[in-house]
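Participant: 3D, please:
(chains A and B)
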There are 2 protein chains.
Amino acid sequence: MGENRKIILVERPRYRMPTHNCFKLERGPIPEPGEEEFLVRTLWLGLDPYLHGRMKRVSPQAEPVAIGDVMVGATVGRVEQSNHPAYEPGELVVGFWGWQDYAISNGSRILKLKTQLEQEHPSYALGALSRLTGLVAYISIMEISKPRAGETVVIGAATGGLGQIAGQLAKLQGTRAVGIAGSQKKCDFAVDELGYDACVCYKDDDFADQLKNACPEGVDVYVQTIGGDDLDAVMPLLNLYARMPVLGVIAMWSAADLPTGPDRTMLFLNQVMTKRLRVEGVVGNDYFQSHFGVFQREMATWIRNGDIKIVEHVVPDLEDAPMALQGMFQSADEHLGKLVVHVGD
Amino acid sequence: MGENRKIILVERPRYRMPTHNCFKLERGPIPEPGEEEFLVRTLWLGLDPYLHGRMKRVSPQAEPVAIGDVMVGATVGRVEQSNHPAYEPGELVVGFWGWQDYAISNGSRILKLKTQLEQEHPSYALGALSRLTGLVAYISIMEISKPRAGETVVIGAATGGLGQIAGQLAKLQGTRAVGIAGSQKKCDFAVDELGYDACVCYKDDDFADQLKNACPEGVDVYVQTIGGDDLDAVMPLLNLYARMPVLGVIAMWSAADLPTGPDRTMLFLNQVMTKRLRVEGVVGNDYFQSHFGVFQREMATWIRNGDIKIVEHVVPDLEDAPMALQGMFQSADEHLGKLVVHVGD
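Facilitator: Numbers count the residues shown, from 1 in each chain, chains lettered A, B, ... in the order given. Sure thing, here's the model as predicted:
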């Protein structure tokens, strides 16, 4: 009845970016569910910056994908065949079965899509309404930063899956939202389509000056996803009592080595003290029990009311996923919004 | 009726430590208060790590002392002569009139000593019951970190003015308190006299291993005052959701240059994210309005009840202050507890 394509991790990234060499496409039969298992057909695969970290070892908390295993990633699918009492064929589910057309599951780490909006737009379960993207943006703004009207919020990767939501949430709080992105096209999109007050391109020579001009009252919240040049440009602009939710360090994850010295860690801590900054790590799973339900209801309402616009860049086929992941780390100009791979129907 | 000795800043520190060359003793007449002014006789001068920072420019927020001016520092004194309606001769006051026997004040940045304990021990107004020392330790433990019984709290400069209070406050919360100090003598004192569960010497070759052994359950709170080797040894031990109040970066303040590379700032941020750390700058003045009254009442009670022991290292004369400040940054073995200079009676 057809085949199952799997994309396998065959080599860890040795250079700045994950490359084609890291992956291999394998074809095999569609697996059969055993007792208390079901077969799921992948509809959508989400591509997120953390995946680069899963390809190599970046922290003692997260085991990297083993060489020879299917590449991991958040997925949405439809139950095709079920020997599991809790899952019916036709049901939509979200999980982490990775880069393949089909998978067998016993229900572990699987959620059913609950909101009407996800039934209509299943890929939203990987982005706007997901733990990894929407919930993290929501917690960063609404719980960690709590910006007051008139404050300035700076958001890196402003047009990305997470940035687009954080920026629009910041605007809903009455703040000045300033984005950072990788091209003029993205910056225009951030301002014209997502409602940012300003957006500056980190590749411009005068990026730091542009950012300073875009933040005449300084910066009260910095949604820290990138590190690197973004962080260097933001640090001098931070106001007293600024908040910095830390969601990622993409500039480090996508680099072969740490930047050369001097080691400025203590300079950073000195600024934390003199400016009384609050720097706090945010991981979506931590807030799943406490906030996921409220978050999904509020976010779905904002999306339906047009208060928050969700943009997706759709990659048309599973076999394009390696190239698309590379593009994410190269800040590919055509990537606007959440990056999702259309795997099947 | 006598002379006024002043210690003047004549040169900014060019090397790791403030040196004798930075200061000059000047003698002059005792000044006369004008209208709405009073003359104060200095009794005690407090020496704190932040003073090194005031000798050079370390942050845009704090102007350094001007060359040729009296060196700054927190002081306690007695009103000798007053043309100010709110101050009577004989009253004890605390302020920032710096390294001199006498000063004229119009009441700006002056507080009267309010608690009975300060009347009995006026130097406590510079340490245990002060904004700069006691309040910062109190806020770091009781408001920022809120350690639960059984958690592990690590405190740098464990026997210093701030460390001794933070360590004993941590013990009062039922935690395991682990100190870091600069000699075996200090470590013994921390355990035997201040009640730390363990204390390790950062000058030992196997310091990081010793610290790891002293924290078998990892570290939940790190009261960050030093940076440098202390920070490097603590970072791998931090547990998920650890709190790090940032009170100072003495290793940077007392160094001529930043450490050589690589630049590990992003590595730090990556740990903030993966371990969901909360890193927060603490400056005592911020909590003065909201917490100073409660803090003074609670601290005075703890001290009277013997729950918190206050140790002071008394420098016998104003002219010894430059040497004592140098000793502070060299972690002088004889310095145990809050460093105060006895200026007059």
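
Participant: residues contacting the spatially closest residue to residue A:31 that is not a sequence neighbour?
Facilitator: In this structure, residue A:31 finds its nearest non-sequential neighbour in residue A:104, 5.0 Å apart by C-beta to C-beta, 6 or more residues apart in numbering or on different chains. In short, each C-beta sits where N, CA and C put it, glycine included. Residues near residue A:104 by C-beta atoms under 8 Å, 6 or more residues apart in numbering or on different chains: A:31, A:32, A:33, A:34, A:37, A:38, A:39, A:40.

Participant: mind checking pLDDT for residue A:104?
Facilitator: For residue A:104, the pLDDT comes out at 97.

Participant: Please identify which helix or strand holds it.
Facilitator: Assessed by DSSP states H and E, residue A:104 sits inside strand A:102-105.

Participant: Next secondary structure after that strand?
Facilitator: Immediately after strand A:102-105, counting by DSSP H and E, sits strand A:111-112.

Participant: Tell me which strands that following strand pairs with, and in which orientation.
Facilitator: In the sheet, strand A:111-112 lines up against strand A:92-95 (antiparallel) (DSSP bridges).

Participant: now the partner strand: mean pLDDT?
Facilitator: Per-region confidence: strand A:92-95 scores 98 on mean pLDDT.

Participant: For the stretch 101-250 of chain A, what lies in contact range of chain B?
Facilitator: Counting by C-beta under 8 Å from any C-beta of the partner chain, the stretch 101-250 of chain A comes close to chain B at A:224, A:227, A:228, A:231, A:240, A:246, A:247, A:248, A:249.

Participant: OK, contacts around the third one?
Facilitator: Applying C-beta under 8 Å, 6+ apart to residue A:228 gives the contacts A:251, A:252, A:259, B:266.

Participant: give me the residue from the stretch 201-345 of chain A nearest chain B.
Facilitator: Nearest residue of the stretch 201-345 of chain A to chain B, counting by C-beta to the nearest C-beta: residue A:261, 1.8 Å away.

Participant: Skip the chain neighbours and tell me the closest residue to that residue.
Facilitator: Closest to residue A:261 by C-beta to C-beta, 6+ apart is residue B:261, at 1.8 Å.

Participant: Secondary structure of the one you found: a helix, I assume?
Facilitator: No. Under DSSP: H, G, I helix; E, B strand; the rest coil, residue B:261 sits outside any helix and is assigned coil.

Participant: Show me which of the residues of the stretch 101-250 of chain A next to chain B are buried.
Facilitator: Buried residues within those, counting neighbours by 16 or more other C-beta atoms under 10 Å in any protein chain shown: A:224, A:227, A:228, A:231, A:246, A:247, A:248, A:249.

Participant: Mind checking which of the residues you listed land in strands?
Facilitator: If you go by DSSP state E, these have residue A:246 in strands.

Participant: of the buried ones among the residues of the stretch 101-250 of chain A next to chain B, closest to residue A:157?
Facilitator: Of all these, residue A:248 has the smallest distance to residue A:157: 8.7 Å, by C-beta to C-beta.

Participant: can you pull the contacts of the closest one?
Facilitator: A:49, A:50, A:224, A:225, A:226, B:273.

Participant: Quick one: those as TSV, columns for distance to residue B:117 too.
Facilitator: TSV is the format used below for those (distance: C-beta to C-beta, whole Å):
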residue	distance to residue B:117
A:49	55
A:50	53
A:224	44
A:225	49
A:226	51
B:273	44
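
Participant: can you tell me which two in these are farthest apart?
Facilitator: Of all the pairs that the contacts of residue A:248 form, the one spanning the most space (C-beta to C-beta) is A:50 and A:224, at 14.5 Å.

Participant: Report the secondary structure state of residue A:242.
Facilitator: strand.

Participant: Report the contact partners of it.
Facilitator: Neighbours of residue A:242 in contact, by C-beta under 8 Å, 6+ apart: A:218, A:219, A:220, A:221, A:222, A:275, A:277, A:278.

Participant: ok, the closest residue to the second one other than its chain neighbours to residue A:196 distance?
Facilitator: The spatially closest residue to residue A:219, leaving aside those adjacent along the chain, is residue A:237, at 4.5 Å (C-beta to C-beta, 6+ apart). To residue A:196, residue A:237 is 16 Å away according to C-beta to C-beta, to the nearest Å.

Participant: Neighbour count for the two, which is higher?
Facilitator: In this view residue A:237 and residue A:196 are compared by other C-beta atoms under 10 Å in any protein chain shown, and residue A:196 has more residues nearby, 28 against 21.

Participant: returning to that earlier point: dump the contacts of residue A:104 to CSV, plus pLDDT, distance to residue A:168 and secondary structure.
Facilitator: As requested, these are exported to CSV (pLDDT from 0 to 100; distance: C-beta to C-beta, whole Å; DSSP: H, G, I helix; E, B strand; the rest coil):
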residue, pLDDT, distance to residue A:168, secondary structure
A:31, 96, 40, coil
A:32, 96, 44, coil
A:33, 97, 40, coil
A:34, 97, 44, coil
A:37, 98, 40, coil
A:38, 98, 36, strand
A:39, 98, 37, strand
A:40, 98, 32, strand
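
Participant: from those residues, which is closest to chain B?
Facilitator: residue A:40 (29.3 Å).

Participant: quick one: is the lengthiest helix in chain A near chain B?
Facilitator: In chain A, assigned by DSSP state H, the helix with the most residues is helix A:288-305. No. On the criterion C-beta under 8 Å from any C-beta, helix A:288-305 is out of touch with chain B, staying 13.3 Å away.

Participant: Make sure I have this right: residue A:167 is in a helix.
Facilitator: Yes. According to three-state DSSP, the state of residue A:167 is that of a helix.

Participant: any idea how far the closest residue to residue A:285 other than its chain neighbours lies from residue A:309?
Facilitator: Of all residues not flanking residue A:285 in the chain, residue A:131 sits nearest, at 6.2 Å (C-beta to C-beta, 6+ apart). To residue A:309, residue A:131 is 21 Å away according to C-beta to C-beta.

Participant: Over to residue A:67?
Facilitator: Distance, residue A:67 to residue A:309, by C-beta to C-beta: 40 Å.
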